[in-house]
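Q: Build me a model:
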Amino acid sequence: MISSLYNYLSSNGETQLDEAKPDTEKESELQKPVKEQDVKGAVSTAEGDECPTAFRVLFLSSDTGGGHRASAESLAKQFEILYPGTTYDLLDIMSEDGCPPYNSIVESYKHLSAHPQKWKFVYEVTNSRAMEFIADAHLKVMCERAIRSRIMSYNPNVVVSVHPLMTNVPAVSCAKISEETGQHLPMFTVVTDLGSGHCLWFANAVEKVFIASDQIRKLAKIRGKVPDEKLVQSGLPIRHDFAVQAKNLGDRMSSEGKAYQISVRENLGLRKDPNEKFILLMGGGEGVGSLSSLVDALYVGFTEKGIRATILVVCGRNEILREELQERDWASVIKYRKYAQAMPACFVLPNAMNVPLVSSAGCLQQGMIVKKLQKIMSSTSLAKQLTHDTMEVPLSTENEENKVVSPSPYSDDYMYHDDDNGEHFFENETQHYGNINAPSVDIEYDLTLVEVIGLGFVTRMAEYMIAADVLVTKAGPGTIAEAASVSLPVMLTNFLPGQEEGNVDYVVDGGFGAYRSDADPVEVAEEVSLWLTDDEKLTELSVAACAKGAPNAAAEIVRVIGAALYAGSTQIKKLAMSLESRQVAKFHD
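A: Next up is the predicted model:
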């Protein structure tokens, strides 16, 4: 049943360690390597017990989205810091040893995530107790022996799953390996979701389940029946750079925080005006979606409101977009959008410049004149004519070459016409379909106010988030957790149905952002503009983000796992309870 479902739809047809940011002494303690004598002094061990100072860690993950691998790598980094000499491997055990359809989950995910409604259907159908039982039974019968053999080939001290499909059966395999070898092989699950969690995450056979939020805790208890003593609310594990930058930044809105933010901007080679606002715009590793339209809307919105800003666009693998942004004619973008804003809502200008201008439909939809005009407006020749006929009016200012005036296409001199060949254009002639009554858009703009910088793959993301005042992004859990760790307000514009819907609630209910669909980029720009012109609002959002941030989650998770490996259940319970009590105190403050 599951195989048929995937094949058809893939065809063409954190106990919460998410504590308040630690002071300098606590944070340096988190990053200090753990020594054997430190742990032995904390809790007694049985005579003859071997206490290694380094581990062999096996992470179970898959490239179904970038978040799973990123979480595994952040945890691996902390193992290397806290337990020097540790080695690790990342294994996609389903691609290696799974049976159909699980062995093709990477390819299936790429297809389904590009078709959100298909993804939603698969997610909702499989996210049920019945399908969980079927999937577990299927995998145990068909794949468990191969999975067990594969895990044994790595000879790990500990197995850590960061993927929902790699919890139940691998946990069974680890238990059987322990029986066969006489040496306990512990397994832990780190849930990499913030607000929505698939039922396959919550396997009871593991030592601990690390979760990032109260929402996931509720799901784990209701859907997975995971007892409280196995839940460790840690926050989402993110890259070590964010812990370093969060410590350096401190209070983002304080004078010291602002001074550090300016120094980071200078280090990144960005403009140095302390009054300038910086927006970080992200669309995922492929740089896909509505990035281009969002950039245009933000540029026009900021220019109209006189907001001096830099828009940093993370294009990822989309090199074409990055190069195009460098050459984009921003004066034409403004003129083109002003035409759209002056037009009644039932008309849509052609997307000749990758700018969806009017998305709503309404007035006079059934009229023959309207239908004729809609046909006209879909003509690419009209787009060329619009660009050709607009005028730049010299202004007597020192930056007159950077000023633009946008004349209205609806003055008496601009009418819609057909020529003998059926081409459509604006021209001052007597025969026409009618003069549309729309407001004039003869407004002067300073094109030096807003700078757009296209970035490829970013390796200094923590610094760019420090430099930014607002993050505009899709609702990926890792990106949200990274932003919160450095107190950065978040504007969400898109999400995968099912999987990421809860992440939107996490941000909105947490008070550190909002959701505006990228289907209406103008609305996104309007809301972000409001934030940038209201320092009190930005401060409110930043404080709320700080409350949700967990920059040291990865280190704390690794410490709990390390304590378990060193000293067994007594020390892990002690450390988990300590971290849990700090989190409870935080929420009561």
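
Q: residue contacts, residue 120?
A: With contact taken as CB atoms under 8 Å, 6 or more residues apart in numbering, residue 120 is in contact with 496-498. The way it works is simple: take the backbone N, C-alpha and C, and place the C-beta from them, glycine included.

Q: Dump those residues into TSV; add pLDDT and neighbour count as well.
A: Formatted as TSV, those follow (pLDDT from 0 to 100; neighbours: other CB atoms under 10 Å):
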residue	pLDDT	neighbour count
496	88	20
497	88	15
498	84	19
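
Q: In terms of distance to residue 554, which of those ranks first?
A: When those are ranked by distance to residue 554 (CB to CB), residue 496 comes first, at 23.9 Å.

Q: Make sure that closest one is actually in contact with residue 116.
A: Yes: Residue 496 is within contact range of residue 116, at 6.2 Å (criterion: CB atoms under 8 Å).

Q: now what about the helix or strand hosting residue 311, what contacts it?
A: With elements delineated by DSSP states H and E, residue 311 resides in strand 309-314, which encompasses its position. Strand 309-314 is touched from outside by 270-271, 276-283, 287, 291, 295, 298-299, 302, 321-322, 325, 449-455, 458, 464, 467-468, 532, with contacts defined as CB under 8 Å, 6+ apart.

Q: what helices or strands is the next helix or strand after that strand leaning on?
A: Sequence order places helix 319-327 as the next helix or strand after strand 309-314, per DSSP H and E. Helix 319-327 sits against helix 291-305, strand 309-314, strand 450-455, with contacts defined as 3 or more CB pairs under 8 Å, 6 or more residues apart in numbering; DSSP states H and E.

Q: Same list, these, but as a markdown table with mean neighbour count, mean pLDDT and distance to residue 489 please.
A: Supplementary listing: the helices and strands packed on helix 319-327 in a markdown table, determined by neighbours: other CB atoms under 10 Å; pLDDT from 0 to 100; distance: least, CB to CB, whole Å:
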| stretch | mean neighbour count | mean pLDDT | distance to residue 489 |
| --- | --- | --- | --- |
| helix 291-305 | 23 | 93 | 15 |
| strand 309-314 | 23 | 96 | 14 |
| strand 450-455 | 20 | 95 | 19 |
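
Q: Please tell me how far residue 514 sits from residue 544.
A: Between residue 514 and residue 544 the distance is 11 Å, computed by CB to CB, to the nearest Å.

Q: do residue 450 as well
A: Residue 450 sits 27 Å away from residue 544, taking CB to CB as the criterion.

Q: Ok, residue 448 next?
A: 34 Å.

Q: out of the two, which sits in the busier spot?
A: Neighbour totals were compared for residue 448 and residue 544, and residue 544 leads with 19 against 12 (other CB atoms under 10 Å).

Q: for that one, phi and psi?
A: phi -70, psi -40 (degrees, to the nearest 10).

Q: Kindly report the same for the one 4 residues further on.
A: According to degrees, to the nearest 10, the main-chain angles of residue 548 amount to phi -90, psi -10.

Q: what about the nearest residue to it once chain neighbours are set aside, which SS state?
A: In this structure, residue 548 finds its nearest non-sequential neighbour in residue 484, 4.4 Å apart by CB to CB, 6 or more residues apart in numbering. Recorded secondary structure, residue 484: helix (DSSP: H, G, I helix; E, B strand; the rest coil).

Q: now residue 458
A: Classification of residue 458 into helix, strand or coil gives coil, according to three-state DSSP.

Q: when you give positions from now on, start the count at 749
A: With 749 as the first residue, the last one maps to residue 1206.

Q: beta partners of the nearest residue to it once chain neighbours are set aside?
A: Using CB to CB, 6+ apart and skipping residues adjacent in sequence, the residue nearest residue 1206 is residue 1062, 5.6 Å away. Per DSSP bridges, residues listed as beta-bridge partners of residue 1062: residue 1030, residue 1203.

Q: Compute the distance between residue 1062 and residue 1251, please.
A: The spacing between residue 1062 and residue 1251, counted by CB to CB, is 18 Å.

Q: which residues touch the closest residue to residue 976 other than its chain neighbours?
A: Counting by CB to CB, 6+ apart, residue 969 is the residue found nearest to residue 976 once chain neighbours are left out, at 7.5 Å. Residue 969 is in contact with 975-976, 979, counting by CB under 8 Å, 6+ apart.

Q: now do residue 808
A: Contacts of residue 808 (CB under 8 Å, 6+ apart): 839-841, 907-911, 914, 918.

Q: hmm, back to that, pull the number of nearby residues for the residue nearest to residue 1296.
A: 33.

Q: That one contacts residue 1297, doesn't it?
A: Yes: counting by CB under 8 Å, a contact exists between residue 1232 and residue 1297, whose distance comes to 4.1 Å.

Q: Quick one: the strands in the stretch 849-998 of the chain, in order.
A: Assigned by DSSP state E, counting those that start in this stretch, the stretch 849-998 of the chain shows strands spanning 906-909, 935-938, 957-959, 979-981.

Q: what helices or strands is the biggest helix by length in the chain leaning on?
A: Across the chain, the longest stretch assigned as helix under DSSP state H is helix 877-902. Here helix 877-902 is seen to pack against helix 750-757, strand 804-808, strand 835-839, helix 841-845, helix 916-929 when contacts are counted using 3+ CB pairs under 8 Å, 6+ apart.

Q: So which of those is the most surrounded?
A: Looking across the helices and strands packed on helix 877-902 with neighbours counted as mean count of other CB atoms under 10 Å, the highest average goes to strand 804-808: a mean of 24.

Q: Past that one, which element shows up next along the chain?
A: Next in sequence after strand 804-808, counting helices and strands by DSSP H and E, comes helix 815-830.

Q: Low-confidence bits of this structure, can you list those?
A: Scanning the chain for pLDDT under 70 picks out the ranges 749-800, 1032-1037, 1088-1191, 1315-1337.

Q: let's go with 50 and repeat that
A: Segments of the chain classed as low confidence (criterion: pLDDT under 50) are 749-799, 1033-1036, 1096-1146, 1154-1189, 1317-1319, 1335-1336.

Q: mind giving me CSV with the helices and strands packed on helix 1067-1075 and columns for distance to residue 817?
A: Written out in CSV, the entries for the helices and strands packed on helix 1067-1075 read as follows (distance: least, CB to CB, whole Å):
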stretch, distance to residue 817
helix 1039-1053, 22
strand 1057-1062, 17
strand 1198-1203, 20
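
Q: Cheers, nothing more for now.
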